[in-house]
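Student: Sequence and predicted structure below; questions after.
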Amino acid sequence: MLLAAHTSSLTQYWHKITDPTFKGIYHANSFDLAMMIPYFLVLFVLATYGLHRYWLVYDYYKYAKNIPGPPPEVTRWPRVTVQLPIFNERYVIERLVEAISRFDYPHELLDIQVLDDSTDETVQVARACVERFAAQGLPIHYIHRSNRAGYKAGALEHGLETAEGEFVAIFDADFIPSPDFLRRCIPYFENDKIGMAQTRWTYLNRDYSLLTQVEAILLDGHFVVEHGARSRRGTFFNFNGTAGVWRRKAIEEAGGWEHDTLTEDTDLSYRAQLQGWKFLYLPDIECASELPVDINGFKAQQARWAKGLMQTAKKILPRVMKSDAPWHVKAEAFFHLTANISYPLMVLLSTMLLPAMIVRFYQGYFQMFFIDLPLFLASTCSISSFYLVAQKELRPKNWWRTFLYMPFVMATGIGISVRNAQAVLEALVGKKSEFARTPKFKIEGKKGSFVAKSYRNKAGWMPYAEVLLGVYFLLTVVYAVLNENYATVPFLVLFVWGYLYTGCMSLGQTYFAHLRFDVNAPEMRPASSGAPGF
């Protein structure tokens with residue numbers, strides 16, 4: 001009986017959406033056109049970037065055989081400079097130096113630099129740590145700058161002035177390279193055309209929280225599918241700022257480190273590849289790192305990357321398009337460097353969904369299914385398939401568990417769109433901004449807490465906008481249900497959850513930190529030189 005009632009309800013719903021009784025009565029007016037034309041333009045652009053994700057997956061599998069094989073035998077082990085750029089990293093600097101001290105590379109061929117721009121007690125911690133390991137025979141040097149011009153890029157360039165190595169390995173403060181890292185990477189540079197080798201990140205605290213699980217899935221998509229597809233196809237890809245090795249000659253021929261963008265690593269990568277240097281991606285060589293556990297720190301990190309890539313696009317894309325690179329290299333560079341334009345478009349789409357839904361209601365459901373739905377699926381489902389492929393490659397036995405996290409991955413991507421949209425727009429108009437660093441708290445596994453530690457980020461006004469958008473979409477869900485537009489509800493719920501989750505969590509963490517621990521440090525650091533920091 002219940003089955004019959006359920007079948008009857010579905011039949012009635014189907015008849016309703018396909019009822020041709022009022023076909024031809026509706027005629028679009030100027031208001032409807034003013035709403036629908038920009039709506040479809042935005043949806044079309046988002047769908048185009050979504051289809052590009054499918055293309056990356058296609059390239060990843062099509063060129064699966066184009067992976068680095070076993071490296072050649074080393075005829076002469078070269079001298080390597082290891083650069084450790086830090087700024088106010090008192091919780092993790094000792095862990096990093098200890099990891100470097102365990103390298104099984106010949107110590108007489110190492111030149112280790114702790115490039116410290118700190119302004120707090122990290123100076124004393126780092127200096128004491130360096131002196132302790134130097135006394136044990138480790139070739140390590142402490143370099144502190146009082147003038148922080150150029151920030152991370154400036155620190156790396158300053159270190160090169162006294163560096164002795166033919167190659168340069170770089171590690172951020174929250175990374176823990178394995179003892180055999182250099183012995184596994186350096187042999188690939190026997191090919192004198194190789195300018196940089198990037199390894200794959202893994203995560204010490206992946207299981208710490210739902211947020212870190214989502215972050216790990218997002219980064220795995222980048223390191224497995226994006227880097228994998230680009231490197232296999234032979235298109236340009238980027239050094240990720242850490243856990244990689246550069247040939248010093250490649251850095252110098254590309255013009256050295258520059259600090260006019262927030263992603264100095266991508267900037268240098270493209271300049272070097274335009275000079276003819278080849279890059280290697282080595283996914284089998286892993287380097288452990290620490291994920292942000294504070295939502296405000298995570299959002300600051302994502303905004304930095306979004307703004308930096310758009311700045312790099314403005315700076316580098318004209319050079320790429322004028323170069324002799326093949327068309328597919330130019331096309332991939334365009335999609336890579338401009339991908340974050342999707343964030344302001346996502347916010348714009350968010351504000352247009354409710355009026356567009358009202359207009360489409362009067363146009364008829366069938367048009368919505370044949371026009372809106374395919375574009376929307378191209379924009380959203382490509383994200384799921386992209387990250388599922390990455391997890392299937394990394395965890396073939398239990399990758400299916402990722403399905404449980406995909407709604408949260410998509411919702412988080414939606415939730416950070418407001419902050420990232422602001423960052424992208426600032427890059428487009430050329431606004432120089434202060435730099436938001438990502439705090440590290442030495443949290444490994446599921447243990448540890450960050451609430452009693454400093455280096456906290458405050459929320460600012462952005463979470464209030466996110467909460468308002470969440471409430472707006474909640475009303476949109478109500479409207480959809482009242483008008484029996486059930487097909488759109490699952491997508492709208494993602495917007496509700498994404499905006500409310502990121503907004504409320506940002507406000508909650510800031511409020512409790514300020515109330516109980518008085519560690520509500522400024523989110524942005526002043527950039528006295530007008531250049532971005534790290």
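Tutor: That came through, no problem. Bear in mind the structure is a predicted one, so any value in this text is a computation, not a measurement.

Student: Please spell out which residues along stretch 150-157 are buried.
Tutor: 150-157 (16 or more other CB atoms under 10 Å). C-beta: built from backbone N, CA, C; applies to glycine.

Student: Take those residues and keep only those in helices.
Tutor: Secondary structure assignment by DSSP state H places 151-157 of the buried residues of stretch 150-157 in helices.

Student: re earlier: Thr438: which of the buried residues of stretch 150-157 is nearest?
Tutor: Using CB to CB, Lys152 comes nearest to Thr438 of those, at 11.8 Å.

Student: that older thread, and the furthest pair within the buried residues of stretch 150-157?
Tutor: Greatest spatial distance among the buried residues of stretch 150-157 (CB to CB): Tyr151 and Glu157, at 10.6 Å.

Student: Count the neighbours of the nearest residue to Pro177 once chain neighbours are set aside for me.
Tutor: Spatial nearest neighbour of Pro177, excluding adjacent residues (CB to CB, 6 or more residues apart in numbering): Cys287 at 5.1 Å. Burial of Cys287 is recorded as 21 neighbouring residues (other CB atoms under 10 Å).

Student: that's a strand at Cys287, yeah?
Tutor: Yes. Counting by DSSP: H, G, I helix; E, B strand; the rest coil, Cys287 falls inside a strand.

Student: out of all of them, which helix in the protein is the longest?
Tutor: helix 30-62.

Student: list the contacts for Arg79?
Tutor: With contacts defined as CB atoms under 8 Å, 6 or more residues apart in numbering, Arg79 is in contact with 109-111, 164-167.

Student: if you look at the residues you listed, which of them are in helices?
Tutor: Among the contacts of Arg79, none falls in helices (DSSP H).

Student: just the buried members of these?
Tutor: Listed as buried from the contacts of Arg79 are 109-111, 165, 167; burial here means 16+ other CB under 10 Å.

Student: Out of these, which is nearest to Pro72?
Tutor: Relative to Pro72, the closest of the buried ones among the contacts of Arg79 is Phe167; by CB to CB it sits at 15.5 Å.

Student: I'd say the closest one and Pro78 touch.
Tutor: Yes. Between Phe167 and Pro78 there is a contact at 5.9 Å, judged by CB atoms under 8 Å.

Student: Can you list the buried residues in the longest helix of the chain?
Tutor: Using 16+ other CB under 10 Å as the test for burial, helix 30-62 gives 32, 35-36, 39, 42-43, 46-47, 49-50, 52-53, 55-57, 59-60.

Student: for the stretch 101-250 of the chain, what spans make up the strands?
Tutor: For the stretch 101-250 of the chain, applying DSSP state E, counting those that start in this stretch gives strands covering 110-116, 140-144, 167-170, 175-176, 194-203, 244-247.

Student: Save the ones you listed as CSV, and put in mean pLDDT and distance to Pro68 too.
Tutor: Output for these, formatted as CSV (pLDDT from 0 to 100; distance: least, CB to CB, whole Å):
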stretch, mean pLDDT, distance to Pro68
strand 110-116, 97, 24
strand 140-144, 96, 30
strand 167-170, 98, 17
strand 175-176, 96, 21
strand 194-203, 97, 9
strand 244-247, 98, 13
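
Student: hey, which of these is tucked in deepest?
Tutor: strand 244-247 (a mean of 26; mean count of other CB atoms under 10 Å).

Student: Tyr208 versus the closest residue to Glu226 other than its chain neighbours, what's the distance?
Tutor: Nearest residue to Glu226 in three dimensions, chain neighbours excluded: Leu56, at 6.2 Å (CB to CB, 6+ apart). Per CB to CB, to the nearest Å, Leu56 is found 29 Å from Tyr208.

Student: got it, and Ile285?
Tutor: The spacing between Ile285 and Tyr208, counted by CB to CB, is 24 Å.

Student: Next: Val467.
Tutor: Counting by CB to CB - Val467 and Tyr208 are separated by 25 Å.

Student: Over to Met357?
Tutor: 38 Å.

Student: can you check Tyr61 too?
Tutor: According to CB to CB, Tyr61 and Tyr208 sit 32 Å apart.

Student: Also Pro283?
Tutor: Taking CB to CB, one finds Pro283 at 24 Å from Tyr208.

Student: pLDDT wise, what is the spatially closest residue to Val57 that is not a sequence neighbour at?
Tutor: Among residues not flanking Val57 along the chain, Val389 sits closest, at 5.4 Å (CB to CB, 6+ apart). Val389 carries a pLDDT score of 93 in this model.

Student: you'd agree Val389 is up against Asp59?
Tutor: No. Applying CB under 8 Å, one finds Val389 not in contact with Asp59, separated by 11.6 Å.

Student: Show me what counts as buried in stretch 488-500.
Tutor: 488, 491-500.

Student: now swap in stretch 232-249 and tell me
Tutor: Buried residues in stretch 232-249 (16+ other CB under 10 Å): 232-248.

Student: which stretches of the stretch 151-300 of the chain form helices?
Tutor: Taking DSSP state H, counting those that start in this stretch as the test, the helices found in the stretch 151-300 of the chain are 151-160, 181-185, 210-220, 227-233, 248-253, 264-274, 295-322.

Student: I'd like the next helix or strand past the last one.
Tutor: Using DSSP states H and E, the helix or strand that follows helix 295-322 towards the C-terminus is helix 327-338.

Student: one step back: list the beta-bridge partners for the residue nearest to Pro177.
Tutor: Note on Cys287: beta-bridge partners by DSSP bridges are Trp201.

Student: Need the pLDDT of it.
Tutor: You'll see Cys287 listed with a pLDDT of 97.

Student: returning to what we had before: would you agree the residue nearest to Glu226 is in contact with Ser231?
Tutor: No. At 11.5 Å, Leu56 does not count as touching Ser231 under the criterion of CB under 8 Å.

Student: quick revisit: would you mind saying which of the helices of the stretch 151-300 of the chain lies nearest Ile341?
Tutor: When the helices of the stretch 151-300 of the chain are compared by CB to CB, helix 295-322 sits nearest Ile341, at 7.3 Å.

Student: So which elements touch that closest one?
Tutor: When contacts are defined as 3 or more CB pairs under 8 Å, 6 or more residues apart in numbering; DSSP states H and E, helix 295-322 packs onto helix 210-220, helix 264-274, helix 327-338, helix 417-429, helix 489-512.

Student: Repeat the analysis, applying 10 Å as the threshold.
Tutor: helix 210-220, helix 264-274, helix 327-338, helix 342-363, helix 402-415, helix 417-429, helix 462-482, helix 489-512 (3 or more CB pairs under 10 Å, 6 or more residues apart in numbering; DSSP states H and E).

Student: The residue nearest to Glu226 and Leu317, how far apart?
Tutor: 19 Å.
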